[in-house]
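Chemist: Sequence first, predicted coordinates after that:
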Amino acid sequence: MKTFEQNNNQLYNSRIIDNYLKLIKRKYPEVDLSELLVYADMKSYQIADQAHWFTQEQIDRFYEKLVQMTCNEKIGREAGRYSASPDALGIMRQYALGLVGPSNAFKLIGQATSNFTRSATYQSEHLGPNKVKITVTPHKGVQEKVFQCENRFGFWEAIVTMMGYKNPQIEHPKCLFKGDSTCTYIVSWEKTVSLILKKCRIYLGTACIPAAIIAASYKPVITIKYFTPILFTFFIILSFFIEKREKSEILNTVGGIKDSTDELLAQINRNYNNALMANEIGQAISTQTNFKHLAQSIEDTSNIDGILKDVIQTLQKRLDYDRGLILLVTPDHTKLAFRAGFGYSEKHQNMLRSTAFHLDNPESKGMFVVAFRNQEPFLINDINEMENSLSSRSRALAEALEVHSFICCPIICDGESIGVLAVDNIRSKRPLVHSDLTLLMGIAPVIGISIRNADLMNGRRKQFHSILQVLAKSIDARDPMTAGHSEKVTEYALGICQELEQPQDFCEMIRVASLLHDYGKIAVPDAILKKPGRLSIEEYQIVKTHSQKTREILDQINFEGIYQCVPEVAAGHHEKLDGTGYPNGLKGNQIPLGSKIIAVADFFEAITAKRHYREPMPLKVAFQVLREESGTHFEEEIIEALIRFFEKNHAQDFKNRWKDLEIPERKSLRVPCKAPVSYIMDGTLVAGTSADISAKGIFVASERDMNEGEKIQISFTLPNINSQMYETCGRVAWVNHKAMPRKRGLPMGFGLEFVDLNKKTFDAVLSYVIANHLPALASQPC
């Protein structure tokens, strides 16, 4: 036999008390239910929840106070009989109506009562078609009270009467409260009219058939003509009346069954939606808190807002509440702020956003603040019950929001309150029950953990980004002239990705690879990296090793997921489509798309930024140089994507940049100049083409090998100046070797410094340079 500690064990289902309350509201409206429930240590939402159970002590205190308030010592039996009323719609009706008949109902009494009480076992014994014996045996350790025995009397009466049977008779030969070990009840009831009529029909039919046979033997004509039709008609009328009566009895039962079925179907639907809700919230939170998603977030709060938005949409879709909201504590922990909600009008949402729920006020008595501070949930089915415990400000807010009943749960993570989850009903009027509270208390910690995880992941993301920035700046810091190079290359590369409509994962990978693309330069000595003059072949070969060094260093970092390609992409930004690049001489499709994008961004930033050995190239010229490299070194689609990006996003930035740029001395101004050139070398006349010119010198595109410092005689023309030929002497200042290009924007050739330039030629060259340099500067796109 089971043993119970009755003061601690929950033995009686809330539906028993719910039946009492319905009776009180109907017949004893003067009773203050709040006072009654407070005395019994019961909550209204616990009673409304059919899954909640109460202890023996709570039941005893409830009945003690109820008798005192109603002055009715027999109210227990009255409450048991009330179970048969249509508005009770609980207790036995949900289980007995579908059994169609007291005998069937009492046959299953043991199974049925287990849904209402755990204090005793119930057994039934069939004594006849309208008579049963019920034995109630309390579990060891349970001490029931007399009123519970009386309640069972009313219970048995209710089972019989709800089936449509009248005048149930109950005998009580054994009683716990008379010294017996069990309570025994013998229940009998009158037979229904339809059953009596059926028996009459059987008896009458049994008697009439022999009578008709006997009559036919004496008066055959009269029997056939009168007696038989009358008898047949009587049987038809009687059968019709019996069938109608039987249907009426069944319909009375079916009406109650429908109500119970509708309620059960509604509960099944709620359970189904609860299960779906748990799954959908899990999926939403998983999506919002993975590192891939966080890596794409720019603002620290964006993914938290995403979590709250997805959670609140799932609550609205799956749960049977009219409104819901989530409040989170502000960073300074001084108040709760509205972050997400559903079901509220625009007016009410604005009201919630503008309302500060202060946490730093010890006198604050608002439900949200109390739930947050005490980490205690609240379920209120009538806010008027809380009127005395609320501040005037809280009451005013509740009235403005039209709150009547609500549930409020703290959102807790690691023992710390971080917010509040609340729901309420204003249209459906469905009472909120303890299972609603339990459900929300299960959801709230999941939200709390998810928000905390998002915070941690945000911290991880910020740490990851800051490390990348430090790594990139550690290279730029070696030379103030190139400071910001990595950030600019990253900006341009992402702009290209944007124009090419690349996915977010790819863009994030490009962002990291661009920041780290030159990290291998950490292995290049400063003497080479900062050298203002021309590099030797050996020095240039050392500089070229930075790509492979980048790969070797980045390979030591455990890049995962979308970042796995970072080392390969970063190391390949000097590869060229025609295979003349380094470190691996890759061609065409052998080069990763990311490397091709960074290559264009890196080249463009290099020629438009100021360096030790030259001024920045004008934007218009830079675009032209890029297009000239199309198809050989860079992909045309990527070049055009970069140009489109600038036209859309950075034209004004570059306009301001050129405004602030210090115009160099006139003699050092250099402009494009493509014209025929000839020079004498070792007594031989060599033809070439100029690429650019200044008042100090000219660049000649030529495949002939030249030596720095070598003097030559040169003749050239200036475009659009009557094809006049100018002659002068010059000294080879630097050489752009094919194997070791010094300026990637210029073809193979050499830079010639003018020597002993006569005044006529000087004036002509200077006039051409000034005339072409200023328009080029002024015509940059805005």
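Modeler: Structure received. Predicted, not measured: the structure shown is a model, and the values here were computed from it.
Chemist: among the helices and strands of this protein, which has the poorest mean pLDDT?
Modeler: helix 291-295 (a mean of 42; mean pLDDT, DSSP states H and E).
Chemist: And the very next helix or strand once past that one, what does it pack against?
Modeler: Downstream of helix 291-295, the first helix or strand assigned by DSSP states H and E is helix 302-318. Packed against helix 302-318 by the contact rule (3 or more Cβ pairs under 8 Å, 6 or more residues apart in numbering; DSSP states H and E) you find helix 228-288, helix 291-295, strand 323-329, strand 335-342, helix 434-476. For the C-beta atoms, the positions are set from N, CA and C on the backbone; glycine is no exception.
Chemist: mind redoing it with 7 Å?
Modeler: Helix 302-318 sits against helix 228-288, strand 323-329, strand 335-342, helix 434-476, with contacts defined as 3 or more Cβ pairs under 7 Å, 6 or more residues apart in numbering; DSSP states H and E.
Chemist: Please identify the buried residues of that helix?
Modeler: 303-304, 306-312, 314-316, 318 (16 or more other Cβ atoms under 10 Å).
Chemist: Report the inter-axis angle for it versus strand 335-342.
Modeler: In terms of direction (axes from the mean of the first three to the mean of the last three Cα atoms, to 10 degrees), helix 302-318 departs from strand 335-342 by 50 degrees.
Chemist: quick one: average pLDDT of helix 302-318?
Modeler: In this model, helix 302-318 has a mean pLDDT of 77.
Chemist: Mind exporting the C-alpha coordinates of it to PDB?
Modeler: Provided in PDB are the C-alpha atoms of helix 302-318 (Å, rounded to 0.1, in the frame of the first residue of the first chain):
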ATOM      1  CA  SER A 302      21.600  43.300 -33.800                       C
ATOM      2  CA  ASN A 303      21.600  39.600 -33.200                       C
ATOM      3  CA  ILE A 304      19.900  40.000 -29.700                       C
ATOM      4  CA  ASP A 305      17.200  42.000 -31.400                       C
ATOM      5  CA  GLY A 306      17.000  39.100 -34.000                       C
ATOM      6  CA  ILE A 307      16.600  36.600 -31.200                       C
ATOM      7  CA  LEU A 308      13.800  38.600 -29.500                       C
ATOM      8  CA  LYS A 309      12.000  39.200 -32.800                       C
ATOM      9  CA  ASP A 310      12.000  35.500 -33.700                       C
ATOM     10  CA  VAL A 311      10.900  34.400 -30.200                       C
ATOM     11  CA  ILE A 312       8.100  37.000 -30.000                       C
ATOM     12  CA  GLN A 313       6.900  36.000 -33.500                       C
ATOM     13  CA  THR A 314       6.800  32.300 -32.400                       C
ATOM     14  CA  LEU A 315       5.000  33.100 -29.200                       C
ATOM     15  CA  GLN A 316       2.400  35.100 -31.200                       C
ATOM     16  CA  LYS A 317       2.000  32.300 -33.700                       C
ATOM     17  CA  ARG A 318       1.900  29.300 -31.400                       C
END
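Chemist: Just want the angle from it to strand 323-329.
Modeler: Using the same axes, to 10 degrees, helix 302-318 lies at 160 degrees relative to strand 323-329.
Chemist: I'd like the distance from helix 302-318 to the chain centre, please.
Modeler: When distances are taken as Cα atoms, centre = their mean, to the nearest Å, helix 302-318 is centred 5 Å away from the chain's centroid.
Chemist: what's the answer for stretch 583-593, then?
Modeler: For stretch 583-593, the distance to the chain centre is 41 Å (Cα atoms, centre = their mean).
Chemist: Now the terminal residues of that stretch, how far apart.
Modeler: When the termini of stretch 583-593 are compared using Cα to Cα, to the nearest Å, they are 16 Å apart.
Chemist: what does stretch 36-52 give?
Modeler: Terminal-residue distance, stretch 36-52 (Cα to Cα): 18 Å.
Chemist: That stretch: which residues count as buried?
Modeler: Neighbour-count burial for stretch 36-52 [16+ other Cβ under 10 Å]: 36-37, 39-40, 42-50, 52.
Chemist: In helices, which of these appear?
Modeler: 36-37, 39-40, 44-48 (DSSP state H).
Chemist: List just the nearest of those to Lys145.
Modeler: Ala40 (13.7 Å; Cβ to Cβ).
Chemist: which residues touch that closest one?
Modeler: Ala40 sits next to 58, 61-62, 65 when contact means Cβ atoms under 7 Å, 6 or more residues apart in numbering.
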